[in-house]
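Undergrad: model this:
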Amino acid sequence: ISGVNGTVVKNCFFLKQNASVSFSAAIHATKANNSRFLSNTINSTGNFSNGIQLFTANFTNITLNTVNVTMNFSYGAVVLLSGGSNLTSNTIITSYGGSGYGINVTQSSFVILDRNNVTAGLLSGGATNYGIYLFGSSSNTVTANTILTNGTDINYGVFISTNSNRNKISDNTIRTTGSASGNNGIQITTTSYYNNVTGNVISTNGTSSNFGIQIGVDNNTVANNTIATNGTGSIYGIRVVSNNNTVINNRIITEGTLGDSIGIDMAVADNNTVAWNDIRTKGATSDNYGIDIQSGNDGNNVTYNIIRTSGSAANNYGVRITGGNNYNHVSYNNISTGGTSTNHGVFIDGAGVGNRVFNNNISTSGSGATNYGIRITGSTVDLYEIVGTRITTNGTASNYGSTFDTSANNNSLINNTITTASIGGNNYGIYVQSTVLGTIITGNNITTNGTSSNYGIYLFSTVSNNTVNNNTITTGGSAGSNYGIYLLTTVS
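TA: Coordinates of the predicted model:
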């Protein structure tokens, strides 16, 4: 159809059987504005096959069609340079081969994709299938669609790329699966700003490196989504690799058969707000994270989240901040972590300035020893504040409420309530050691308990110019050597 406006194609059957013919389309509309394609059945096979293709065909209505396309690089529906069109209540399937696209919207605006049932990669042995793909397309609405992608690896439910701005992705049900790694629910990448991803239900599965939502561009909003990611290891609910994004009110469950299950991951990400999320991470082994803020992240606000992490082994973290991060705030969160041993409520490692942890409720426990409420370590840790936080730690022995160690200077612990206990000894309320200068410890309420050698405040090894005042300390144990305040080896 070319150059004919107002065309109606209805209740037709289209069949293309010759798979050797590539670059074909069952319906191709060029400069056919205000056309309608209604209740058609389309079966097409061959590489680069298209079911329905619009090219400079504006304000077109595609409704209640059934489209099946097969072979590599097959497209169920393509909207190219065609604005204001609607694709509603279609069933679109790509199968047998890799790089199948359910719906491809390229350089088009004000397109509405509503209540479509899209499957990309059905019966596919190939990789890189896309349910809905937006390229260079802005101000579009993708809503209430049911999307399934399948294949080997690198499959996407919704992919937004290259100058695709101000799109609304809402209320979709998205399931991405693959026999290998890299299966993603929604990905935003390459200069695509101010997109709004809200109210979607997303599940991902594969081996490793599966993401519910991945944001690689600044100034996007991810809100009110329900995300479940599964796999072996290195699976993520939401991953943020950009700045000035808002991630709020999401419900996230990550569960891997190995470790490295991460609720929200942030890498090279500044000035983001992560708030009011409900995060549950669980791994069959170790190293599971509620929120993981990696190297080079400044000015992020992590607040009012509910975070629960657990694993069948050690090293599980509620919030982890590592490697040169500055002026991040962790506040008003409810954090619980569990596993065997070495579990952390909040862990901050590496050089950094001005990070604040305040008014949180933190509970860490383990079936083994050495669990931490808040642990701050690494060289050149300056001007950190831990304020108004309730900390409870438990395990077999050697549990810590809050620690500063190794060149952590000019930091403050103020008005916290800290309780550490275990069935064994060597439990610490506040532990400060190894070249730590200028720490202020004031107004805290500290309780420690165990068998023996329990400490309210413990200062050890080149700890100088510190202020300890107005704290309420209770230490107890079933055996001896329990101390309220303990100073050892060059403490002044």
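Undergrad: and the lowest-mean-pLDDT helix or strand in the chain, what does it pack against?
TA: Lowest by mean pLDDT, DSSP states H and E among the helices and strands of the chain is strand 381-382, with a mean of 77. The contact analysis (3 or more CB pairs under 8 Å, 6 or more residues apart in numbering; DSSP states H and E) places strand 381-382 against strand 352-353, strand 408-409. In short, each C-beta sits where N, CA and C put it, glycine included.
Undergrad: mean pLDDT, mean neighbour count and distance to S20 added to the ones you listed, as a markdown table?
TA: What follows is those, written out as a markdown table (pLDDT from 0 to 100; neighbours: other CB atoms under 10 Å; distance: least, CB to CB, whole Å):
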| stretch | mean pLDDT | mean neighbour count | distance to S20 |
| --- | --- | --- | --- |
| strand 352-353 | 85 | 20 | 61 |
| strand 408-409 | 79 | 22 | 69 |
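Undergrad: ok, back up a step: contact partners of the least confident helix or strand of the chain?
TA: 348, 350-354, 404, 406-411 (CB atoms under 8 Å, 6 or more residues apart in numbering).
Undergrad: pull up the pairing partners for the helix or strand following it, direction included.
TA: Going down the chain from strand 381-382, the next helix or strand is strand 385-387, by DSSP states H and E. If you go by DSSP bridges, strand 385-387 pairs up with strand 356-358 (parallel), strand 412-414 (parallel).
Undergrad: for L134, find the nearest of these.
TA: Among these, the nearest to L134 by CB to CB is strand 356-358 (38.2 Å).
Undergrad: show me how far the closest one is from its chain's centre.
TA: Computed by CA atoms, centre = their mean, to the nearest Å, the chain-centroid distance of strand 356-358 equals 22 Å.
Undergrad: could you pull up the mean pLDDT of that strand?
TA: Averaged across strand 356-358, pLDDT comes to 95.
Undergrad: so what touches the very next helix or strand once past that strand?
TA: Downstream of strand 356-358, the first helix or strand assigned by DSSP H and E is strand 361-364. Strand 361-364 is contacted from outside by 318, 333-338, 343-346, 371-374, 389-394, 399, using CB under 8 Å, 6+ apart.
Undergrad: note down every partner strand of the next helix-or-strand element following strand 361-364 and its orientation.
TA: Once the chain leaves strand 361-364, the next helix or strand it forms, by DSSP H and E, is strand 372-377. Take DSSP bridges as the rule and strand 372-377 pairs in its sheet with strand 344-349 (parallel), strand 400-405 (parallel).
Undergrad: now render those strands as a markdown table, adding distance to I215.
TA: Conversion of the strands paired with strand 372-377 to a markdown table gives the following (distance: least, CB to CB, whole Å):
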| stretch | distance to I215 |
| --- | --- |
| strand 344-349 | 23 |
| strand 400-405 | 32 |
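Undergrad: with mean neighbour count added, can I get the ones you listed in JSON lines?
TA: What follows is the strands paired with strand 372-377, written out as JSON lines (neighbours: other CB atoms under 10 Å):
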{"stretch": "strand 344-349", "mean neighbour count": "26"}
{"stretch": "strand 400-405", "mean neighbour count": "26"}
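Undergrad: select, out of the ones you listed, the one closest to G6.
TA: Smallest distance to G6 across the strands paired with strand 372-377 (CB to CB): 62.9 Å, for strand 344-349.
Undergrad: distance from the closest one to the middle of the chain?
TA: Chain-centre distance of strand 344-349: 18 Å, with CA atoms, centre = their mean.
Undergrad: what do you get for stretch 420-433?
TA: Relative to its chain's centre, stretch 420-433 lies at 33 Å (CA atoms, centre = their mean).
Undergrad: avg pLDDT for it?
TA: The predicted model assigns stretch 420-433 a mean pLDDT of 90.
Undergrad: same question, stretch 30-37
TA: Computed over stretch 30-37, the mean pLDDT rounds to 94.
Undergrad: ends of that stretch, how far apart?
TA: Using CA to CA, to the nearest Å, the end-to-end distance of stretch 30-37 comes out at 14 Å.
Undergrad: next: stretch 410-429.
TA: Stretch 410-429 has an end-to-end distance of 19 Å (CA to CA).
Undergrad: can you give me the buried ones in it?
TA: Neighbour-count burial for stretch 410-429 flags 411-422, 424-429 (criterion: 16 or more other CB atoms under 10 Å).
Undergrad: quick one: Y194 from D270, how far?
TA: Distance, Y194 to D270, by CB to CB, to the nearest Å: 17 Å.
Undergrad: tell me the contacts of G51?
TA: With CB under 8 Å, 6+ apart, G51 has these contacts: 25-27, 42, 44, 65, 67-69, 75-77, 92.
Undergrad: name the SS class of the closest residue to S365 other than its chain neighbours, please.
TA: With CB to CB, 6 or more residues apart in numbering as the criterion, S365 has its nearest non-adjacent residue at 4.3 Å, and that residue is N394. Of the three states, N394 takes strand under DSSP: H, G, I helix; E, B strand; the rest coil.
Undergrad: same question, I430
TA: Assigned by three-state DSSP, the conformation of I430 is strand.
Undergrad: check contacts around it.
TA: For I430, the contacting residues are G401, S402, T403, L413, I418, I441, N444, I446, G456, I457, Y458, by CB under 8 Å, 6+ apart.
Undergrad: wait, isn't the third one in contact with Y428?
TA: Right, the one you point to is T403. Yes: using CB atoms under 8 Å, T403 is in contact with Y428, at 7.4 Å.
Undergrad: A180 reaches T207, doesn't it?
TA: Yes: assessed by CB under 8 Å, A180 is found in contact with T207 at 5.5 Å.
Undergrad: name the residues contacting each of those two.
TA: Contacts common to A180 and T207, judged by CB under 8 Å, 6+ apart, are D153.
Undergrad: the more surrounded of the two?
TA: Between A180 and T207, counted using other CB atoms under 10 Å, the more crowded position is T207 (21 against 16).
Undergrad: what's that one in contact with, if anything?
TA: Contacts of T207 (CB under 8 Å, 6+ apart): D153, G178, S179, A180, S181, G231, T232.
Undergrad: give me phi/psi at it?
TA: For T207, the backbone dihedrals (degrees, to the nearest 10) come out as phi -90, psi -80.
Undergrad: burial count for N145?
TA: N145: 29 neighbours (other CB under 10 Å).
Undergrad: surely it touches A120?
TA: No: N145 is beyond contact range of A120, at 11.9 Å (criterion: CB under 8 Å).
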